[in-house]
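1. The sequence isn't on hand, but the structure is:
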């Protein structure tokens, strides 16, 4: 890893934690992490046994810098780095690479995956979307990214923003569906775990044969009696009922548009 | 399988196809299938090499009957079976077992899984929710169900209806989220496949640590700048934008209720 010189990471969030674990798993232990908040810094030292610093001096001496902070903090962090001579990347799905314009060599490494501090993931299967403002640095970034993952893709700011938006549907909103199911089941003393084979199969099937071909259920069949029964069951859950209605109508409009309602 | 006597299935839909395949895989080939529509009957003969009949005589002679027809056809089918002496079950998630009241021995076997004709599933991991109107038949049904799956649960009509409603969220509505992602990506020449690790991880994580703990993303963080950017990107997709807004608000209300909007 000497090839990339000294590596530094800024941030104490989910992405930073995950990257630290991945680098350590790859046998790279010589990186340092910048965390301003001393409590968070100490937590990270204890949990990950990594070198956590809180002054920009150490960071400025690094050769490759991953800025894994909140989207809203990227500009502020970058303002401390105008003299930085290495390659600096942020990890945001939505923010333009231009946020780092004041740093000569800059780019993006966006990991398209949901990450939580408590959970280690198989990083080798995390799509890494990379971008850099020079061909040389893009090649370097690809080389680095390919050490971490087998799924490395170049994409520009616009493509990355679209992927991030799509990811909200695939990840966050899919999660909401499971959360609502969990609530309905809990209130009837039924376990969510009974839904696991169904959830897994729907995901596998949708990616394998396409979401459109994979769809089944009352709305797909245009089974209005069942839809009405469901809406009635949801009468005491007005927010969930509204979500049921809008998503059912989305399916009905797509597949049963010309049928009488 | 002689223990259960002659087995018959009614129906030419996804559930019937899947059950035929499962019985054959279990080495049970002596069952017959009743399909009224001759074109569908012939299709099934050719695709599955099973014994397909189209008169009720054969069915009335069976000992165990699985009525795997549309929810709306169950009553009509049952009206032909008032003299049936065997154990008859339907496979609906939403319909009451009482639809079969005119048959002395009746019950339900509801497979909690999404099924398509073109796709074979690992039936051993399909939760089978069983119900019967006598203890003896419930025991028989359990014995039969346990041959097909390792996940067999007894539940009454009300519990089954709740599970079916929850399944719509877990399966159909999760599918809609992937379908919307697919649409957004296609329109930007990006492949849905890049989302597969994310979709799989979100499902695994949600079932493992709970949907609530698994949630990440802009709405969970209360990141209103990203939410606004997403809503703007969706301006040309009014239906999808509406879905984005309602689901984002659902998360914001749950986690950021007391914050100023």
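-> Received the coordinates, thanks. As the structure is a prediction and not an experimental result, all values here were calculated from the model. Numbers count the residues shown, from 1 in each chain, chains lettered A, B, ... in the order given.
2. what are the ranges of the helices in the stretch 51-200 of chain A?
-> A:56-60, A:74-79, A:135-148, A:157-167, A:174-186, A:196-209 (DSSP state H, counting those that start in this stretch).
3. Check those for me and report the most buried one.
-> Highest mean neighbour count of the helices of the stretch 51-200 of chain A: helix A:174-186, a mean of 23 (counted as mean count of other CB atoms under 10 Å in any protein chain shown). Yep, even glycine has a C-beta here, placed from its N, CA and C like the rest.
4. Go ahead and name everything in contact with that one.
-> For helix A:174-186, the external contacting residues (CB atoms under 8 Å, 6 or more residues apart in numbering or on different chains) are A:191-192, A:194-195, A:199, A:237, A:240, A:243, B:162-163, B:165-167, B:169-170, B:173-174, B:177-178, B:199, B:202-203, B:206-207, B:210-212, B:214-215, B:247, B:250-251.
5. what does stretch A:152-164 give?
-> Residues contacting stretch A:152-164 (CB under 8 Å, 6+ apart): A:93-94, A:96-98, A:108, A:110, A:112, A:127-131, A:138, A:142, A:145-146, B:184-185, B:188, B:190, B:194-195, B:229, B:233.
6. Any chance of TSV for the helices of the stretch 51-200 of chain A, columns distance to residue A:44 and mean pLDDT?
-> As requested, the helices of the stretch 51-200 of chain A are exported to TSV (distance: least, CB to CB, whole Å; pLDDT from 0 to 100):
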stretch	distance to residue A:44	mean pLDDT
helix A:56-60	15	89
helix A:74-79	17	95
helix A:135-148	19	96
helix A:157-167	26	97
helix A:174-186	26	98
helix A:196-209	33	96
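7. do you know which of the ones you listed lies nearest residue B:259?
-> helix A:174-186 (18.8 Å; CB to CB).
8. Centre of the chain to the closest one, how far?
-> Here helix A:174-186 is found 20 Å from its chain centre; the criterion is CA atoms, centre = their mean, to the nearest Å.
9. again with stretch A:204-219
-> 23 Å.
10. Straight-line length of stretch A:7-14, end to end?
-> Using CA to CA, to the nearest Å, one end of stretch A:7-14 lies 18 Å from the other.
11. Phi and psi next, for residue A:234.
-> phi -90, psi 10 (degrees, to the nearest 10).
12. so what's it up against?
-> So residue A:234 contacts A:240, A:241, A:244, B:165 (CB under 8 Å, 6+ apart).
13. Tell me the one among the residues you listed nearest to residue A:12.
-> residue A:240 (34.8 Å).
14. any idea how far that closest one is from chain B?
-> 8 Å (CB to the nearest CB, to the nearest Å).
15. now swap in residue A:136 and tell me
-> 26 Å.
16. go on, residue A:73?
-> Taken as CB to the nearest CB, the span from residue A:73 to chain B is 11 Å.
17. Let me know how buried the nearest residue to residue A:102 once chain neighbours are set aside is, in neighbour terms.
-> Nearest residue to residue A:102, sequence neighbours excluded (CB to CB, 6 or more residues apart in numbering or on different chains): residue A:82, at 4.9 Å. Applying other CB atoms under 10 Å in any protein chain shown, we find 9 residues neighbouring residue A:82.
18. can I assume residue A:82 is in contact with residue A:104?
-> No. Applying CB atoms under 8 Å as the test, residue A:82 and residue A:104 come out as separate, 9.2 Å apart.
19. one step back: spatially, which two of the contacts of residue A:234 are the most separated?
-> A:241 and B:165, at 10.7 Å, using CB to CB across the contacts of residue A:234.
20. Of the contacts of residue A:234, which is the most crowded?
-> residue B:165 (25 neighbours).
21. Surely residue A:196 and residue B:208 touch.
-> No. Applying CB under 8 Å as the test, residue A:196 and residue B:208 come out as separate, 9.3 Å apart.
22. just how off-centre is stretch A:142-153 within its chain?
-> 16 Å.
23. Please disregard the earlier target; I meant stretch A:159-176.
-> 8 Å.
24. how long is it end to end?
-> With CA to CA, one end of stretch A:159-176 sits 25 Å from the other.
25. Model confidence score at residue A:260, please.
-> pLDDT recorded at residue A:260 is 55.
26. filter the contacts of stretch A:152-164 to the buried ones?
-> A:93-94, A:96-97, A:108, A:110, A:112, A:127-131, A:142, A:145, B:184-185, B:190, B:194-195, B:229, B:233 (16 or more other CB atoms under 10 Å in any protein chain shown).
27. Next step: the residues you listed restricted to strands.
-> A:108, A:110, A:128, A:129, A:130, A:131 (DSSP state E).
28. Turn these into TSV, including pLDDT.
-> Formatted as TSV, these follow (pLDDT from 0 to 100):
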residue	pLDDT
A:108	98
A:110	97
A:128	97
A:129	97
A:130	98
A:131	97
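29. Out of these, flag the one nearest to residue B:42.
-> Out of these, the member with the shortest distance to residue B:42 (by CB to CB) is residue A:129, at 50.2 Å.
30. how much space between the closest one and chain B?
-> 8 Å.
31. In this structure that residue contacts residue A:113, no?
-> No. The criterion here is CB under 8 Å, and residue A:129 misses it with residue A:113 at 10.8 Å.
32. Nearest to residue A:31 among the ones in strands among the buried ones among the contacts of stretch A:152-164?
-> Once CB to CB is applied, the member of these that ends up nearest residue A:31 is residue A:128, at 17.0 Å.
33. so what's the nearest residue to the closest one once chain neighbours are set aside up against?
-> Ranked by CB to CB, 6+ apart and with sequence neighbours excluded, the top spatial neighbour of residue A:128 is residue A:145, at 4.4 Å. Taking CB under 8 Å, 6+ apart, we find residue A:145 in contact with A:109, A:128, A:130, A:152.
34. Also residue A:113?
-> Counted by CB under 8 Å, 6+ apart, residue A:113 has contacts A:121, A:126, A:127, B:197, B:198, B:201.
35. right, and the pair among those residues with maximum separation?
-> Applying CB to CB across the contacts of residue A:113, the maximum distance is between A:121 and A:127, 12.1 Å.
36. Lowest mean pLDDT among the helices and strands of chain A, which one is it?
-> Within chain A, judged by mean pLDDT, DSSP states H and E, the helix or strand with the poorest mean is helix A:56-60; its value is a mean of 89.
37. That one packs against which elements?
-> Using 3 or more CB pairs under 8 Å, 6 or more residues apart in numbering or on different chains; DSSP states H and E, the elements in contact with helix A:56-60 are strand A:7-10, strand A:32-34.
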